[in-house]
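> Based on what follows, work out the 3D shape:
(one chain, ligands or ions: 1)
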Amino acid sequence: MNPQDFFSKKDYKFKLPPHLTDYQKTYDDFNWQEAAKEEISYFDGGKLNAAYNAVDRHLQTDRKNKKALLWEGDKGEKETYTFEELSKWSNKYGNYLKSLGVEKGDRVFLFLPRIPAVYFSFLGILKIGAIAGTLFSAFQEKALLDRLENSGAKVVITTKELLPRLVPLRKDLPELKTVVVVDDPQFLEQIKPVSDQLSVMPMEPTDYAFMLYTSGTTGKPKGIVHTHNAILSQHLTAKYILDIHNEDIYWCTADHGWVTGIAYGILGSLSCGVTSVVYSGRFDAAKWYEILQNYKVTIWYTAPTAIRMLMAGGDELVAKYDLSNLRHLLSVGEPLNPEAIRWGLKVYGLPFHDTWWQTETGSIIIGNYPTMDIKIGVMGKPFMGIHTGIVDDKGVEVPNKTEGNIAMKPGWPSQMAWVWNNDEKYKSYFENGWYISGDRGWKDDEGYFHFVGRADDVIKTSGERVGPFEVESSLIEFPGVVEAGVIGKPDALRGEIIKAFVVLSPELREKAKDEEFVKKLKDDLAMHVKKNLAGHAYPREVDFIDKLPKTRSGKIMRRILKAQEMGEPVGDTSTLEEY
Ligand code: PRX
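As a prediction, this is how the structure comes out:
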């Protein structure tokens with residue numbers, strides 16, 4: 001490896017001594033039971049509650065009056081909450097939900113922008129033993145309907161602004177009993193007298209705590225379910241990989257609609273007792289630097305697309321701000337380009353530390369640790385207690401330096417516990433005693449894991465996971481669209497963009513001879529997906545074609561569309577219908 005592809009930590013000046021001093025020794029000596037005893041608070045009989053660990057247990061310490069949240073809204077509004085206040089607010093929400101008849105195991109979904117009510121409701125739901133589900137506020141009717149219908153949600157918590165998207169769906173959601181609107185004056189009156197005292201429900205470690213819908217190649221999004229015990233993995237990774245110390249000011253830029261926003265925006269980070277910055281506005285390079293500067297952020301967990309957008313914002317902009325409090329930078333969600341790491345070193349004087357994981361894994365699985373030398377462009381090494389390897393399609397480990405499936409031996413605490421109402425899908429993740437991630441990679445002789453790509457057609461655009469099937473389904477609802485095939489097309493800024501290949505009806509095909517018409521049709525198609533599915537899942541590029549490549553059984557062969565788009569050889573076409 002070229003020295004410029006390597007960042008040594010040998011003479012690195014740590015502002016705080018890292019929690020993890022010797023990776024290999026800690027990995028070798030690690031034991032989940034002992035870690036649990038040391039780090040997590042249990043009730044009698046081995047029961048626990050993730051929300052109690054995140055918040056309430058700190059009230060017995062001098063963190064009681066410590067600031068838990070420093071919130072800033074998109075219009076510059078500011079609110080702060082101590083751990084005690086957060087505890088009381090989540091108690092109020094928990095009691096309120098109980099008064100609506102919410103019971104253990106019921107699904108309560110958050111359809112909220114990034115406001116403090118996310119914390120009050122998410123934690124309140126867990127405290128009363130119900131299951132919290134989160135939804136991106138960019139979701140439109142179709143995306144909402146699929147998720148709320150499949151989960152059988154009993155309550156949805158939202159705002160006045162987002163409510164109109166839910167109203168037309170109510171008739172199709174018989175299990176949805178109540179929609180709570182947190183900024184409605186009537187609700188604000190109702191919540192006032194609700195008690196802020198609540199006895200947290202002790203849960204079995206295997207009881208469900210939260211769920212998130214995520215996309216695969218086929219079918220509708222799947223509800224990935226996590227248990228209360230996931231807090232153990234989330235706490236430990238927040239401590240050893242994010243390196244959270246009591247005195248840190250921590251900013252995780254992820255939304256709660258994404259697993260990062262839950263595991264490291266709510267549970268793992270609060271469990272470590274850190275003060276968190278929460279900013280609800282959209283991305284803006286200058287504003288982000290202002291947040292880093294004004295709140296004196298020390299640990300910053302973000303994503304490659306954001307880093308690339310900051311790079312595009314230029315070096316001069318960085319120089320205008322005092323970012324001297326920063327001490328540890330991390331990234332997740334897509335491959336972290338070597339370029340981004342080098343740029344980080346240049347402008348912030350610090351390297352970004354890559355972390356790899358998934359909605360299904362519930363916590364970081366592979367990462368670059370503070371004390372570990374960074375091989376630039378490489379994801380790092382497995383977390384303690386998780387046997388991680390590279391296996392072939394039959395689940396047999398392959399030698400080092402051989403490409404295969406990134407896989408883990410099941411059983412770590414934050415491993416998904418179920419796919420909601422879909423045993424078959426859940427079982428399909430496992431092969432020969434391994435959990436198969438769906439990502440391809442390889443391991444080098446020093447035990448570092450290298451990322452190659454997805455094994456399936458799942459698209460990653462600006463870090464968001466988008467299933468091509470959902471976008472195709474949305475496109476064919478548009479009058480005159482006969483068929484659609486959707487792929488992720490590599491993009492310098494967003495990692496990938498969504499590109500659609502659309503087959504039109506003969507009538508539209510005739511009209512599409514006119515250039516102006518084609519331009520408008522492309523815009524209309526993008527708008528259709530934006531309005532019906534989700535704001536971020538629309539095709540930025542659309543091509544009209546006569547026929548989609550399909551297998552003899554009728555499956556769209558997206559890899560052929562992709563190869564053609566990239567000007568690459570199309571590979572084996574023996575299963576193709578006709579070509
Ligand atoms: O393909 C991998 C990519 O993101 C997928 C998981 O997406 P999601 O469930 O939305 O969770 C993302 C946040 C935890 C993975 O299968 N991915 C995630 N991290 C990395 C990555 N690809 C390359 N490098 C990473 N560090």
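
> what about the most far-flung residue of the chain relative to its centre, which helix or strand?
Centroid-distance maximum for the chain: residue 510 at 42.9 Å, with CA atoms, centre = their mean. Here residue 510 is covered by helix 506-511, with elements defined by DSSP states H and E.

> Specify the residue ranges that define each domain of the protein.
Here the domain assignment for the chain is 3-449, 456-566, based on automatic domain parsing.

> Comparing these by mean pLDDT, which bottoms out?
Confidence, taken as mean pLDDT, is least for domain 456-566 of the domains of the chain (a mean of 94).

> Check the gap between whatever residue of the stretch 451-579 of the chain ends up closest to the ligand and residue 327 for me.
When scored by CB to the nearest ligand atom, the stretch 451-579 of the chain has residue 465 as its residue closest to the ligand, at 3.8 Å. From N, CA and C alone the C-beta is placed, and that goes for glycine too. Distance from residue 465 to residue 327, counting by CB to CB, to the nearest Å: 30 Å.

> Spell out which parts of the stretch 151-300 of the chain neighbour the ligand.
Applying CB under 6 Å from any ligand atom, we find that the stretch 151-300 of the chain lies next to the ligand at 214, 259, 260.

> List the contacts of the nearest residue to the last one once chain neighbours are set aside.
The one in question is residue 260. Spatial nearest neighbour of residue 260, excluding adjacent residues (CB to CB, 6 or more residues apart in numbering): residue 254 at 3.7 Å. Counting by CB atoms under 8 Å, 6 or more residues apart in numbering, residue 254 touches 260, 261, 264, 265, 301, 302, 303, 332.

> Confirm residue 254 sits in a helix?
No - counting by DSSP: H, G, I helix; E, B strand; the rest coil, residue 254 is not part of a helix but coil.

> Check the gap between it and residue 385 for me.
24 Å.

> Ok, residue 15 next?
Counting by CB to CB - residue 15 and residue 385 are separated by 28 Å.

> count of neighbours near residue 172?
Neighbour count for residue 172, taken as other CB atoms under 10 Å: 11.

> Next: residue 127.
28.

> show me the contacts for it.
Residues in contact with residue 127, defined by CB under 8 Å, 6+ apart, are 49, 51, 52, 90, 91, 94, 198, 200, 201.

> One more pass at 10 Å, please.
Contacts for residue 127 (CB atoms under 10 Å, 6 or more residues apart in numbering) come out as 49-52, 54-56, 87, 90-91, 93-95, 97-98, 198-201, 203.

> which among those end up buried?
49-52, 54-56, 87, 90-91, 93-95, 97-98, 198, 200-201, 203 (16 or more other CB atoms under 10 Å).

> List the ones among the residues you listed that fall in helices.
Among the buried ones among the contacts of residue 127, DSSP state H puts 50, 51, 52, 54, 87, 90, 91, 93, 94, 95, 97, 98 in helices.

> can you redo the residues you listed as JSON lines with distance to residue 80?
Listed next are those as JSON lines, based on distance: CB to CB, whole Å:
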{"residue": "50", "distance to residue 80": "23"}
{"residue": "51", "distance to residue 80": "20"}
{"residue": "52", "distance to residue 80": "22"}
{"residue": "54", "distance to residue 80": "17"}
{"residue": "87", "distance to residue 80": "14"}
{"residue": "90", "distance to residue 80": "16"}
{"residue": "91", "distance to residue 80": "18"}
{"residue": "93", "distance to residue 80": "18"}
{"residue": "94", "distance to residue 80": "21"}
{"residue": "95", "distance to residue 80": "23"}
{"residue": "97", "distance to residue 80": "24"}
{"residue": "98", "distance to residue 80": "27"}
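
> Please identify which pair of the residues you listed lies farthest apart.
Comparing every pair within these by CB to CB identifies 54 and 98 as the most remote, at 19.4 Å.

> Okay, strands next: where are they in the stretch 301-450 of the chain?
Assigned by DSSP state E, counting those that start in this stretch, the strands in the stretch 301-450 of the chain fall at 328-332, 352-356, 366-367, 374-375, 381-382, 388-391, 404-408, 418-419, 430-431, 434-443, 449-454.

> do the stretch 51-200 of the chain as well
67-72, 78-82, 107-111, 131-135, 155-158, 178-181.

> now the ones you listed as CSV including distance to residue 417 and mean neighbour count?
Below are the strands of the stretch 51-200 of the chain laid out as CSV (distance: least, CB to CB, whole Å; neighbours: other CB atoms under 10 Å):
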stretch, distance to residue 417, mean neighbour count
strand 67-72, 27, 20
strand 78-82, 30, 15
strand 107-111, 14, 26
strand 131-135, 11, 25
strand 155-158, 22, 25
strand 178-181, 26, 18
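
> could I get these as JSON lines with distance to residue 284?
What follows is the strands of the stretch 51-200 of the chain, written out as JSON lines (distance: least, CB to CB, whole Å):
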{"stretch": "strand 67-72", "distance to residue 284": "13"}
{"stretch": "strand 78-82", "distance to residue 284": "17"}
{"stretch": "strand 107-111", "distance to residue 284": "24"}
{"stretch": "strand 131-135", "distance to residue 284": "24"}
{"stretch": "strand 155-158", "distance to residue 284": "25"}
{"stretch": "strand 178-181", "distance to residue 284": "28"}
